[in-house]
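Undergrad: Sequence and predicted model, in that order:
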Amino acid sequence: MSTPTHPSYRWSGEDLDLDAYLARIGFEGDRAPTVATLRRLVYLHTTTIPFENLEIVLGRPVLLDVKSLQDKMVRQRRGGYCYENSALFAAVLERLGFGVIGLGGRIFIGPDNGPLPATHAVLRVTTAEDDRAWLCDVGFGSGPMEPIELTPSDGELTIGGWRFRLELGADELGAQVGALHHFSRNGWLNRRTFTMTPQYRIDYEVGSHYVSTSSHSPFTTRPIAQKFHPEVHHLLDGVTLNTQYPDGTGETRDVDRADLPEILSETFDIDLDDADATQLVEQPWPADQRP
């Protein structure tokens, strides 16, 4: 199958202010499309740009065109969820000369591994050095902070102290699929699966529309934010603040709604203007009305 040439199959890297993006994440050095460059980009993007859904809670649409993404995530220094992070990162990689294919995934949450709809975005990336392919998931909120080679392996990966395990196999129809396991306070969990079927910008638009508008999506009910570091992972879910460490330990505490703007700023590097901060604190959330 030949590579599509229509612009809709690409990631609009030509619309990107590359210098501004690289300054946003603190990238300096060689911009060649190599594995070393890819590793540095994934690390800096994952640990600098937070995961968050605040546009939805504040009643604004989530826009996936590159100009809107860079205005929000680069110039306003905000974050985004998986479709925003992956779409922006894909444009960066395309602009730098990497090979980029979008993939779709399914999230599993909680110790019972209950699935959500297949509305997670990850990237398959190739470099100019060789024919190896890499999984880049910069929009999950809790890593990994390095690309993972898409090759069969039974071994455990330790990345920044965090433990992962990648499994590649086939589904019931024989199509290639992958699963990424993550070690946490509940032990080893299958946190996400993904297929090798290419996803394009329009596919991401469809998935993003569901998770940003459906009453069944957790992102439409309360604020969610994550910040990932080599030594700690912070997760805000409504008014519950979770802190987790690479060894599987962690703590959970409830916070006052009035303190959310300060917590978002100090813990997640998300600075809201006065109007947004007031709205976030004072307006009812859909989760408030749920039994």
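TA: Yes, it's here. Keep in mind that what you see is a predicted model, and the values were worked out from it rather than measured.
Undergrad: ok, residue 201 to residue 9 distance?
TA: Computed with CB to CB, to the nearest Å, the distance linking residue 201 and residue 9 is 8 Å. Backbone N, C-alpha and C define where each C-beta goes, glycine included.
Undergrad: Over to residue 49?
TA: From residue 49 to residue 9 the distance is 25 Å (CB to CB).
Undergrad: Of those two, which one has the most company?
TA: More crowded of residue 49 and residue 9, by other CB atoms under 10 Å: residue 49, with 26 against 14.
Undergrad: Cross-check the contact I'm expecting between that one and residue 25.
TA: Yes - using CB atoms under 8 Å, residue 49 is in contact with residue 25, at 6.8 Å.
Undergrad: Start and end of stretch 248-262, how far apart?
TA: Taking CA to CA, to the nearest Å, stretch 248-262 runs 27 Å from one end to the other.
Undergrad: can you give me the mean pLDDT across that stretch?
TA: In this model, stretch 248-262 has a mean pLDDT of 96.
Undergrad: which residues does the residue nearest to residue 123 when sequence neighbours are not counted contact?
TA: Of all residues not flanking residue 123 in the chain, residue 136 sits nearest, at 4.4 Å (CB to CB, 6 or more residues apart in numbering). Residues in contact with residue 136, defined by CB atoms under 8 Å, 6 or more residues apart in numbering, are 38, 42, 89, 93, 122, 123, 124, 125, 147.
Undergrad: which two in the residues you listed are spaced the farthest apart?
TA: Maximum pairwise distance in the contacts of residue 136, criterion CB to CB, is 14.0 Å, between 38 and 122.
Undergrad: Of the two, give the one with the bigger neighbour count.
TA: Neighbour totals were compared for residue 38 and residue 122, and residue 122 leads with 24 against 21 (other CB under 10 Å).
Undergrad: Now do the nearest residue to that one once chain neighbours are set aside: how many residues are near it, please.
TA: Using CB to CB, 6+ apart and skipping residues adjacent in sequence, the residue nearest residue 122 is residue 137, 4.5 Å away. Counted by other CB under 10 Å, the residues lying close to residue 137 total 28.
Undergrad: Roughly how far does residue 137 sit from residue 146?
TA: From residue 137 to residue 146 the distance is 10 Å (CB to CB).
Undergrad: go on, residue 132?
TA: For residue 132 relative to residue 146 (CB to CB), the value is 14 Å.
Undergrad: which of these two has more neighbours?
TA: Neighbours per residue, other CB under 10 Å: of residue 132 and residue 146, the larger number sits with residue 146, 20 against 13.
Undergrad: now that one, what's its secondary structure?
TA: Here residue 146 is recorded as coil under DSSP: H, G, I helix; E, B strand; the rest coil.
Undergrad: quick one, phi psi at it?
TA: Backbone torsions of residue 146, given as degrees, to the nearest 10, read phi -140, psi 150.
Undergrad: Next, the contact list for it, please.
TA: 39, 42, 43, 159, 160.
Undergrad: most neighbours, which of the residues you listed?
TA: residue 42 (26 neighbours).
Undergrad: quick one: which helix or strand includes that residue?
TA: helix 35-48 (DSSP states H and E).
Undergrad: Going by distance to residue 274, which of the contacts of residue 136 wins?
TA: residue 89 (30.7 Å).
Undergrad: ok, now which ones touch the closest one?
TA: Residue 89 touches 41, 45, 123, 136, 138, 139, counting by CB under 8 Å, 6+ apart.
Undergrad: so which of those residues would you say is closest to residue 239?
TA: For the contacts of residue 89, the nearest to residue 239 is residue 139 (23.7 Å; CB to CB).
Undergrad: excluding its backbone neighbours, what's nearest residue 20?
TA: residue 74 (5.2 Å).
Undergrad: what's the burial count for that neighbour?
TA: 19.
Undergrad: ok, it to residue 271 distance?
TA: Distance of residue 74 to residue 271, computed by CB to CB: 14 Å.
Undergrad: Same question for residue 29.
TA: 28 Å.
Undergrad: The two: who's more crowded?
TA: Comparing residue 29 with residue 271 by other CB under 10 Å, the one with more neighbours is residue 271, at 14 against 9.
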